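Peer 1: Below is the structure, and that's it, no one-letter string:
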């Protein structure tokens, strides 16, 4: 089987296939109708570079030792094989278009070429303008805004990065078809990551009078301050700066909240159009029946609890390749092993497997997703959402099952990458059945020793 891996940036489940009544996402919904759709799929860290390196290597952030944007795992942690590298070594032409690895230090300024890819990765020529002053304000001047509908003809080169990525991906599919080559094609879209820059015609799909405020906008009751994200990246945009919102808890004005939500929906529909063009090309070239298609966001959510770190094992199994071995307890010196487990058992494509064994591991016979997030301090800081390694003082470790989410925030030493579970700064416990929005933290009035033992057991596993 060929593989088409579509990675989108910062997409919430704002899609028709997840029950959203307002969004217009016909192409992604059509793909979902022919797919296994997961409603509990979790990223291992909700930051672009650590998340992408994690699922592309099949290893967790504590093993890649990447929590920020500023190191390359092959030098910093271990010369680990990646998912595209494994496919390349097994006879596939591996191709990267757009944002797959995070560009910069974290992928050695090369998107991990030549290890992972057969040819140099493609980046849209207009990618460098993503955060420039290209948003026309009411005064006619250009700004670097959060909310940024644009006339595409006025953009640099008369296009946008995701449009260029779609065009290149379709060209590569045609080449693969012509040359009859087995391929692993990864296509990374920027939207709906901020800034919300998209063709202005998509605004017409979402009249502002139809846009409601978020149904659950308040900070959860008894949320520890270390868990609060002060969204500093958003605050740096010109239109948000102009609002002079107080740090860190000041709310945005209602009318601006509606504009953000309107533009997020519009950006999703713009993304959906790109996905539709790509999937139509796959159909037109007669490649659909021989291609596994994966559609995922980099930081996310069968009703089974699964993890993005399982993508490597899952795609290897679906493609008929040997599934790489599970990593030993200490794996920094092991080039090829994985910390995720294949989820093909949920697909009904092969013999159904229940329980946990050497191939399909659970934890205490319970499907569990683990993720983590670094913080520089107990209270919100200017760098709380993206601290550099040297500034990390606290690490949050989170364990999510169908029934609950349990999180502990513990002391962390960035010099030796060690977490001290004897120094717990704060905790969270939410029971999902009775509190689906996770609004009521019952950590301080519940006996949670059993959860603490589970999370310690996993990290020692």
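Peer 2: Noted; the coordinates are in hand. As the structure is a computational prediction, the values presented were derived from the model and not from experiment.
Peer 1: List the buried residues for stretch 209-226?
Peer 2: Within stretch 209-226, the residues scored as buried using 16 or more other Cβ atoms under 10 Å are 211, 220, 223, 224, 225, 226. (Each C-beta comes from the backbone N, C-alpha and C, glycine too.)
Peer 1: and of the residues you listed, the nearest to residue 370?
Peer 2: Using Cβ to Cβ, residue 226 is the member of these that lies nearest residue 370, at 18.3 Å.
Peer 1: The closest one belongs to a strand?
Peer 2: No: assessed with DSSP: H, G, I helix; E, B strand; the rest coil, residue 226 is helix; it does not lie in a strand.
Peer 1: for the stretch 101-250 of the chain, what spans make up the helices?
Peer 2: Assigned by DSSP state H, counting those that start in this stretch, the helices in the stretch 101-250 of the chain fall at 161-179, 232-235, 238-241.
Peer 1: try the stretch 301-450 of the chain
Peer 2: With DSSP H, counting those that start in this stretch applied, the stretch 301-450 of the chain shows helices at 311-318, 449-460, listed in chain order.
Peer 1: closest one to residue 438 among those?
Peer 2: Closest among the helices of the stretch 301-450 of the chain, using Cβ to Cβ: helix 449-460, at 14.8 Å.
Peer 1: For the closest one, what does the pLDDT average out to?
Peer 2: Per-region confidence: helix 449-460 scores 87 on mean pLDDT.
Peer 1: outside of that helix, which residues touch it?
Peer 2: Helix 449-460 has contacts (Cβ atoms under 8 Å, 6 or more residues apart in numbering) with 62, 329, 363-364, 368, 370, 397, 399, 404, 406, 408, 419, 421, 429.
Peer 1: in that helix, what's buried?
Peer 2: For helix 449-460, using 16+ other Cβ under 10 Å, the buried residues are 451, 454, 455.
Peer 1: Now distance to residue 277 too, for those, in a markdown table please.
Peer 2: Output for the buried residues of helix 449-460, formatted as a markdown table (distance: Cβ to Cβ, whole Å):
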| residue | distance to residue 277 |
| --- | --- |
| 451 | 46 |
| 454 | 45 |
| 455 | 43 |
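Peer 1: Looking at these, which is nearest residue 96?
Peer 2: Using Cβ to Cβ, those come closest to residue 96 at residue 455, 34.7 Å.
Peer 1: Out of the contacts of helix 449-460, list just those in strands.
Peer 2: Per DSSP state E, strands hold the following members of the contacts of helix 449-460: 370, 397, 399, 404, 406, 408, 419, 421, 429.
Peer 1: out of the residues you listed, which are buried?
Peer 2: For the ones in strands among the contacts of helix 449-460, buried by 16+ other Cβ under 10 Å: 370, 397, 399, 404, 406, 408, 419, 429.
Peer 1: how's the chain carved up into domains?
Peer 2: Listed by automatic domain parsing, the domain ranges of the chain are 2-346, 369-460.
Peer 1: Most tightly packed of those domains?
Peer 2: Of all the domains of the chain, domain 2-346 has the most neighbours on average by mean count of other Cβ atoms under 10 Å, namely a mean of 18.
Peer 1: so who does the spatially most central residue of the chain touch?
Peer 2: When Cα atoms, centre = their mean is applied to the chain, the residue found nearest the centroid is residue 298 (1.3 Å). Residues near residue 298 by Cβ under 8 Å, 6+ apart: 7, 8, 9, 10, 43, 48, 51, 52, 55, 308.
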